[in-house]
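Trainee: This is a predicted model, with the sequence first.
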Amino acid sequence: MKSNRLFFYFSLYWKKFVIIFLFQELIIILSLINPYITKLILDRAYPDKNLKLFISYIFSIGFIFLFMGLLRFFLNRISQNLKATIDFKLSNDLFKHLQNLDLNFYQKKSTGQYLYHFNNDIKLYVDFIVEVPVKLITLILNLILIILIIFKINSKIGIFCLFLFPINYTLNNFFKNVLNQIRRQQINILQEINKYICEVFNNFKLIKAFRKEEYEINRFINYLREKIKNQLKNDKIIRLFELLSSSINKILFSSIIFYGGYKISKEKFSLGNLSAIGIYLGQLFSIINQLNDLYKTFTLRETIVSRIEDIFKIRSSLYQVNQSEYFIKEGKIEFRNVSFGYNGNLVFNNISFSLTSKNIGIVGKSGTGKTTLLFLILRLYQPEKGEILIDDIDINKISEDSFKKDVAIALEEPFLFNDTIANNIFYGLEEQNTEDRLIWAAKIAKVDDFVNKLKDKYNTNLGQSGIKLSKGQRQRISIARALIKKPKILLLDEATSSLDSDTEKNIIENLKKELKYATIILVSHRFSAIKEMEEILFLEDKDKIIKGKHKELIENYLPYQKFFYEQRIS
């Protein structure tokens, strides 16, 4: 498993890793002293009936145990501190990386999958970084020291101990692939459950409206059955592995003790030596069991680490080269030979047009790319071919800071936070929040019409996704959020679709009056709003876009005339 990010965290916090390693090594060395003191008690103090020597040995053992306990306390404190530090750093790095990815990435994954990364993967990743490498090195060194000590006491028993390793390696290698496959299945199932739960809670109104509670309960039970089935399968493999490993180790341990007892009966071995070897063997088998557990942990966490690493390898498809600060002046938009599509299916094929008017309407049949066009202007998508210019400058050459100050959008689905109305509107503002700016944006978007009737006015909490308001009211807040930054280009994507005609008309009139300096682009299925715009863009086909005034198009262009009357009838 290759991981540049793992090495990055090691290099970043190497001092703490070294301290943890030294503490663990010191604990190991101290743990190796006590068995030898036990040997001395049996071989020297006990045969000579030397009480003073016996008491000094006992006190030495007690002191070592107390000192080891103190070391473990500080070791745990340092380890937990390091885990918290890396958890913070990794969570922040991952969140920042996800924020910088383009829209295409988010359309491929569900909310539940992202939640799983943050709620589960990060903790396991951090545990892996802090625990596995240091523990592995420590256990191997401890293993070598114990075998050397056993060799010094009795070389034949030392050679016998060496047979443990090929046996355990064979077992580990046999179970690795099986455990990896089961773990991947388990992660996929947990992701699906997270995704399903998010969908249920986001669409509970639909579930209630269609009386689908029982149906959803049954779906959830099926997910749980898959989860439990996978967990039991995983547990069965692990228990079988532990049974075989433990049985082999116990047989070898009993054989060694039997051999030592035989040597004592022949007076070729002391009771102290056998006692020390017994304790060292206990430690040796404990280390082998820990290595087995570590191997299982490594096998399970390897999948997690790979998943996190794969996310960090993903790069945004948006160009970010040779960018410079530029503040939009005229708001003139031009498409030059632009092609764009999803998964190989073209939405636009070599389209070209320029928008010089201040008020532009965009119409077209469903699926012709109206929202996609706005997202291309907003730089959420990158054209496959061609270029998009604002004021004759390629939008990819405008810095992100400049771009986000001058371009804003209000969407058909008004995404609101579980916060106050004021904070939801202020979300669109980069600089310091001011009440005057809030009131200005709210009046244009007709938010004040209903807010002034609320008890807490603009401090009213909206609830999850603005559930306490109607969709029309949420749309007005969404428009105010886009307006508050006073953008030079304002994009409205069916942003008034849930408003009544009079309110929609008033808002559009307010926008034209208050944002005379701005380019306003309106996507709407209502021709009552569209026909009042200075210029109309009719998306007829993926390679055919017609531009003109409403009166000109309705009189001279048959496809537009047909579309207009179809919309009017519907």
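Mentor: In hand now; what should we look at? Numbering: from 1, shown residues only.

Trainee: Look at I536 and give its secondary structure.
Mentor: Three-state assignment for I536 (DSSP: H, G, I helix; E, B strand; the rest coil): strand.

Trainee: Looking at it now. What's its pLDDT?
Mentor: Looking at I536, its pLDDT is 88.

Trainee: shouldn't it be in contact with G361?
Mentor: Yes: between I536 and G361 there is a contact at 4.7 Å, judged by Cβ atoms under 8 Å. C-betas here are computed from N, CA, C, even on glycine.

Trainee: what's the overlap in contacts for the two?
Mentor: With contacts defined as Cβ atoms under 8 Å, 6 or more residues apart in numbering, the residues shared by I536 and G361 are I530, H550.

Trainee: Helix or strand: which one has L374?
Mentor: Here L374 sits within helix 370-377, counting by DSSP states H and E.

Trainee: Show me the protein divided up by domain.
Mentor: 4-313, 333-569 (automatic domain parsing).

Trainee: Give me whichever of the ones you listed is most buried.
Mentor: Stretch with highest mean neighbour count among these: domain 333-569 (a mean of 18; mean count of other Cβ atoms under 10 Å).

Trainee: where does the stretch 201-350 of the chain dip in pLDDT?
Mentor: Of all residues in the stretch 201-350 of the chain, those with pLDDT under 70 make up the ranges 201-212, 264-270, 296, 299-303, 316-323.

Trainee: Show me where it has its helices.
Mentor: Applying DSSP state H, counting those that start in this stretch to the stretch 201-350 of the chain gives helices spanning 204-209, 213-265, 271-313.

Trainee: Just list what the last one packs against, helices and strands only.
Mentor: Contact partners of helix 271-313 among helices and strands, from 3 or more Cβ pairs under 8 Å, 6 or more residues apart in numbering; DSSP states H and E: helix 4-12, helix 14-40, helix 51-99, helix 122-153, helix 155-162, helix 164-202, helix 213-265.

Trainee: on that earlier part again, C-alpha coordinates for the helix holding L374, CSV please?
Mentor: Output in CSV follows, covering the C-alpha atoms of helix 370-377 (Å, rounded to 0.1, in the frame of the first residue of the first chain):
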residue,chain,number,x,y,z
LYS,A,370,-30.9,26.1,-19.8
THR,A,371,-29.5,25.4,-16.3
THR,A,372,-26.3,23.9,-17.9
LEU,A,373,-25.8,27.2,-19.7
LEU,A,374,-26.0,29.2,-16.5
PHE,A,375,-23.6,26.7,-14.7
LEU,A,376,-21.1,27.2,-17.6
ILE,A,377,-21.3,30.9,-17.1
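
Trainee: SS state for S352?
Mentor: Under three-state DSSP, S352 comes out as strand.

Trainee: So it is in contact with F335, correct?
Mentor: Yes: if you go by Cβ under 8 Å, S352 and F335 touch, sitting 5.7 Å apart.

Trainee: Mutual contacts of these two, please.
Mentor: Shared contacts of S352 and F335, defined by Cβ under 8 Å, 6+ apart, comprise G386.

Trainee: which stretches of the stretch 51-200 of the chain have low pLDDT?
Mentor: Low-confidence segments of the stretch 51-200 of the chain (pLDDT under 70): 102-119, 163-165, 167-169, 171-180, 183, 198-199.

Trainee: Grab the nearest non-local neighbour of K233.
Mentor: Leaving aside its chain neighbours, K233 sits nearest to I182 (5.9 Å; criterion: Cβ to Cβ, 6 or more residues apart in numbering).

Trainee: residue contacts, the one you found?
Mentor: Counting by Cβ under 8 Å, 6+ apart, I182 touches N230, K233, N234, I237.

Trainee: that older thread, could the helices of the stretch 201-350 of the chain be laid out in TSV, adding distance to L462?
Mentor: Below are these laid out as TSV (distance: least, Cβ to Cβ, whole Å):
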stretch	distance to L462
helix 204-209	16
helix 213-265	26
helix 271-313	31
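
Trainee: can you tell which of the ones you listed is closest to R379?
Mentor: helix 271-313 (22.2 Å; Cβ to Cβ).
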